[in-house]
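Undergrad: show me the folded form of this:
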Amino acid sequence: MDELSINYNRRASAEVKRPSRGWLREFWRRQFRQPATREQTVFDVVFGVLLPVVCVVIDPFVFRSFSDETGLLEDYQFFSYSIIALEIPALVLWLTLRERVSTWSRALGGVLLAGGLFSATIGVLLLPFSIIGLVFLIGALGFTPFCSALVYLRNGLRALDLPDAEAEVQSRRASNAPAIVLGIAFVMGATATAQWGISLRVSSVLAEIIEQQSEPSEAKIQELKYAHWLVGNQFDPVVWAYNNEPNPARKARLANIYERATGKDIEHRLSILLD
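TA: You can find the predicted model right below:
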């Protein structure tokens with residue numbers, strides 16, 4: 001009798017728990033199910049468009065710093081900004097047109113999935129800082145990339161699964177893998193190549209400026225000014241050359257060039273690097 005009672009209690013306990021797991025599964029299914037609800041669309045606009053822009057604008061330490069300190073991911077500033085600049089218009093295009101882009105929805109889906117992968121990666125990298133930052137409330141914004149990842153992943157999957165009158169279901173699904181690969185290759189590859197090209201150009205110009213005796217042309221200074229907003233603290237070789245330069249005249253020349261190109265004081269930057 002006791003054994004029957006124990007078995008009954010175990011079954012009853014399992015039945016109590018099942019609805020909880022079932023509710024969670026159903027919740028996640030609703031997040032990716034076609035068609036999108038009005039609430040999901042509002043969520044997508046907020047966390048896929050508005051908040052990412054806000055985070056970039058008020059970014060205190062990730063891709064740049066309000067002080068002369070180096071941002072956490074400042075070396076990848078242009079790469080990251082380029083991906084964001086590609087992903088937000090892609091999401092807006094999908095949310096506003098949807099079925100009208102059915103002929104090339106798979107290509108768009110691959111691009112959106114790349115955005116989800118990028119957002120999730122940023123979220124993981126920022127996670128320790130986001131948890132600590134919760135003490136100051138501002139850290140809550142550090143969890144935005146995880147929400148953005150959900151937005152881009154589910155819209156990417158919906159774009160891949162969009163019915164196409166000209167394709168059977170099986171053939172549509174078979175073409176999803178190339179679309180995903182091409183989408184990720186386009187987003188990540190194009191932006192990484194652009195970042196690499198700009199970095200090479202900046203390094204070449206800076207090396208030339210450090211070696212030469214005369215003042216650089218105004219055109220090169222303007223080129224460096226624009227590049228400074230794209231490659232962050234890649235100008236540090238000028239600071240180290242300034243630190244190691246024994247000639248006062250050349251030292252003053254390097255300080256002047258650094259200030260004209262970045263708008264910052266070279267001594268202040270040097271003190272941070274030596275700290």
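Undergrad: which strand or helix spans residue 158?
TA: helix 144-160 (DSSP states H and E).
Undergrad: please identify the helix or strand for residue 40.
TA: Applying DSSP H and E as the criterion places residue 40 in helix 38-45.
Undergrad: hey, C-alpha coordinates of that helix in PDB?
TA: Below are the C-alpha coordinates for helix 38-45, written out as PDB (Å, rounded to 0.1, in the frame of the first residue of the first chain):
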ATOM      1  CA  ARG A  38       1.800  42.700 -33.300                       C
ATOM      2  CA  GLU A  39       3.600  42.500 -29.900                       C
ATOM      3  CA  GLN A  40       6.500  40.600 -31.500                       C
ATOM      4  CA  THR A  41       6.900  43.200 -34.200                       C
ATOM      5  CA  VAL A  42       7.000  46.000 -31.600                       C
ATOM      6  CA  PHE A  43       9.600  44.000 -29.700                       C
ATOM      7  CA  ASP A  44      11.600  43.600 -32.900                       C
ATOM      8  CA  VAL A  45      11.600  47.300 -33.700                       C
END
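Undergrad: specify the angle between that helix and helix 144-160 in degrees.
TA: On the basis of axes from the mean of the first three to the mean of the last three CA atoms, to 10 degrees, helix 38-45 is oriented at 120 degrees to helix 144-160.
Undergrad: avg pLDDT for helix 38-45?
TA: Helix 38-45 comes out with an average pLDDT of 92.
Undergrad: neighbours around residue 54, how many?
TA: By the criterion of other CB atoms under 10 Å, residue 54 has 13 neighbours. In short, each C-beta sits where N, CA and C put it, glycine included.
Undergrad: could you find the closest non-adjacent residue to it?
TA: Once flanking residues are discounted, residue 54 sits nearest to residue 141: 7.8 Å by CB to CB, 6 or more residues apart in numbering.
Undergrad: which residues are contacting the helix holding residue 158?
TA: Defining contact as CB atoms under 8 Å, 6 or more residues apart in numbering, one finds that helix 144-160 is touched by 31-32, 34, 36, 40, 43-44, 47-48, 51-52, 55, 87, 91, 94-95, 101, 105-106, 108-117, 119-120, 122-123, 126, 176, 179-180, 183.
Undergrad: pLDDT on it, on average?
TA: pLDDT averaged over helix 144-160 gives 92.
Undergrad: residues of that helix that come out buried?
TA: The neighbour-count check on helix 144-160 (16 or more other CB atoms under 10 Å) flags 144-160 as buried.
Undergrad: output the contacting helices and strands for the helix or strand residue 239 falls within.
TA: Taking DSSP H and E as the definition, residue 239 sits inside helix 236-244. When contacts are defined as 3 or more CB pairs under 8 Å, 6 or more residues apart in numbering; DSSP states H and E, helix 236-244 sits against helix 190-211, helix 248-262, helix 266-274.
Undergrad: now the shortest one, how far from the chain's geometric center?
TA: This means helix 266-274. Relative to its parent chain, helix 266-274 has a centroid offset of 29 Å by CA atoms, centre = their mean, to the nearest Å.
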